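>>> curious how this folds, go ahead:
(one chain, ligands or ions: 1)
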Amino acid sequence: MAVLVLGGAGYIGSHAVDQLISRGYDVVVVDNLGTGHRQSVHRDAKFYEGDIRDQGFLTHIFTNESIEGVFHFCAYSLVGESVQKPLAYFNNNVQGLQVLLEVMYEHQVEYIIFSSTAAVYGEPDSVPITEEDSKTPTSPYGESKLMMEKMMHWSHEAYGVKYAALRYFNVAGAKEDGTIGEDHRPETHLIPIVLQTALGQRDQITVFGDDYDTEDGSCIRDYLHVEDLIEAHILAYEYLQNDGEPGAFNLGSSQGYSVFEILEAARNVTQKEIKAIVGERRAGDPSKLVASSDKARQLLGWQPKHDNINDIIGSAWQWHYQHPNGYQEDMEG
Ligand code: UFG
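This is a model prediction of the structure:
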């Protein structure tokens, strides 16, 4: 039996494939290479290129392969972009999951581990945020993921689908040996942009707003290491297989850092100047997102190993320093 990793050529999906294979799982990867990279697909995984909205394509895979569970990482995931292109987000994310759940049901595949997001909460009433707190997304991206969680909830009720919706806070870092890492085009995430500035690929970084209701006026986020994040996925999979109750779990470090604090930490790690200017707020950004991850710690037995922001930025720096042009360089070399 194999696990199917959807979006296994992306940043988070490629780290999942890597950990699953190192733990002895047989892995089948699906990716449409819209944002993923062929070079990041693990050589020991079986790879199918295609789109999960294509029901015939997905049916072919479920018929040909012996799939026992699904890890779903293929969705659009940019808060700012989703405000500009809401329908693209509902189409790719919501419709993709609807087709997937139908095909899973047809083939009696019960388990799904799903990438959800802190963006389902919108502007929180208080932090740290628990799973039961109110959910009023401030972006179409967050809204699409909340809809997807509800689709899985109702599919659980009707068809017995067993799901874990893992609500990621801000994922960063890379595999320790620097062989896989984050390469988005265009890049919009804070830590890679800060590190590209440290490398001299950008002149400066723009801090999106310094007039938020936080201590230094910039937004606060909860950053967690991608390897810890993936560990939680595998624990959640085992938890469901042991008859754990389906539902949602926050995944974060429970520590908040402002944009200015991340800049300072990156200056320390890289020993580079990293010029920053202050610009306008970015649409859809809540001021402060920090997780309570008690539920994941208690029910899944999850214990993040990288609880220091310097470690997280350090591993990302290792990747960016060794691969200044990301996967592009590997293709040319
Ligand atoms: N930021 C800047 N300048 C930049 C880029 C980002 O100031 O050039 C700020 C943002 O405004 C935000 C913070 O840095 O306050 C982090 O921004 P990211 O774009 O790195 O991450 P987001 O918080 O917007 O979103 C990420 C994921 C989402 C997920 C969310 C949950 O991309 O999928 O975390 O917190 F939903």
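>>> so which bits of this structure are right by the ligand?
Residues of the chain lying near the ligand by CB under 6 Å from any ligand atom: 77, 79, 117-119, 169-170, 188-190, 193, 205-208, 219, 221, 259, 282, 285, 289. Bear in mind the C-beta positions are built from the backbone N, C-alpha and C, glycine included.
>>> cutoff 8 Å now
Contact residues (CB under 8 Å from any ligand atom) of the chain with the ligand: 77-80, 117-119, 141-142, 145, 168-172, 188-191, 193-194, 205-209, 218-222, 259, 262, 279, 281-282, 284-286, 289.
>>> which of those residues fall within strands?
Among the residues of the chain next to the ligand, the members falling in strands (DSSP state E) are 117, 168, 170-172, 205-208, 220-221, 279.
>>> could you dump those to JSON lines with neighbour count and pLDDT?
What follows is those, written out as JSON lines (neighbours: other CB atoms under 10 Å; pLDDT from 0 to 100):
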{"residue": "T117", "neighbour count": "27", "pLDDT": "97"}
{"residue": "Y168", "neighbour count": "23", "pLDDT": "97"}
{"residue": "N170", "neighbour count": "21", "pLDDT": "97"}
{"residue": "V171", "neighbour count": "24", "pLDDT": "97"}
{"residue": "A172", "neighbour count": "24", "pLDDT": "98"}
{"residue": "I205", "neighbour count": "22", "pLDDT": "98"}
{"residue": "T206", "neighbour count": "14", "pLDDT": "98"}
{"residue": "V207", "neighbour count": "21", "pLDDT": "98"}
{"residue": "F208", "neighbour count": "18", "pLDDT": "98"}
{"residue": "I220", "neighbour count": "21", "pLDDT": "97"}
{"residue": "R221", "neighbour count": "25", "pLDDT": "97"}
{"residue": "G279", "neighbour count": "12", "pLDDT": "98"}
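>>> buried ones among the residues of the chain next to the ligand?
Neighbour-count burial (16 or more other CB atoms under 10 Å) is assigned, among the residues of the chain next to the ligand, to 77-79, 117-119, 141-142, 145, 168-172, 189-191, 193-194, 205, 207-209, 218-222, 259, 262, 284-286, 289.
>>> now A276. Its backbone dihedrals?
Backbone dihedrals for A276, given as degrees, to the nearest 10, come out at phi -130, psi 140.
>>> for it, list the residues it contacts.
If you count contacts by CB atoms under 8 Å, 6 or more residues apart in numbering, A276 has them with 204-207, 260, 263.
>>> mind listing the helices for the stretch 51-200 of the chain?
In the stretch 51-200 of the chain, the helices defined using DSSP state H, counting those that start in this stretch lie at 55-64, 79-84, 86-89, 96-106, 140-159, 190-198.
>>> tell me which of those helices is the most buried.
helix 190-198 (a mean of 22; mean count of other CB atoms under 10 Å).
>>> starting at the chain centroid, how far to it?
Counting by CA atoms, centre = their mean, to the nearest Å, helix 190-198 is centred 18 Å from the centre of its parent chain.
>>> give me every residue that touches the closest residue to L58 other than its chain neighbours.
Across the structure, with CB to CB, 6 or more residues apart in numbering as the measure, the residue nearest L58 apart from its sequence neighbours is V103 (4.6 Å). Under the criterion of CB under 8 Å, 6+ apart, the neighbours of V103 are 55, 58-59, 62.
>>> what's the answer for K145, then?
Applying CB under 8 Å, 6+ apart, we find K145 in contact with 75, 93, 116-117, 119-120, 137.
>>> and it, how far from Y89?
For K145, the distance to Y89 (CB to CB, to the nearest Å) stands at 9 Å.
>>> which of the contacts of K145 are buried?
Members of the contacts of K145 that pass the buried threshold by neighbour count (16+ other CB under 10 Å) are listed as 75, 93, 116-117, 119-120, 137.
>>> shaky segments in this protein?
329-333 (pLDDT under 70).
>>> contacts only, for the residue in it that the ligand sits nearest to.
When CB to the nearest ligand atom is the measure, the chain has its nearest residue to the ligand at C219, with 3.0 Å between them. Under the criterion of CB under 8 Å, 6+ apart, the neighbours of C219 are 208-209, 212, 258-259, 285-288.
>>> repeat for V83
Listed by CB under 8 Å, 6+ apart, the contact set of V83 reads 139-140, 283-284.
>>> pull the most distant pair out of those residues.
Using CB to CB, the contacts of V83 span at most 10.6 Å, a distance reached by P140 and A283.
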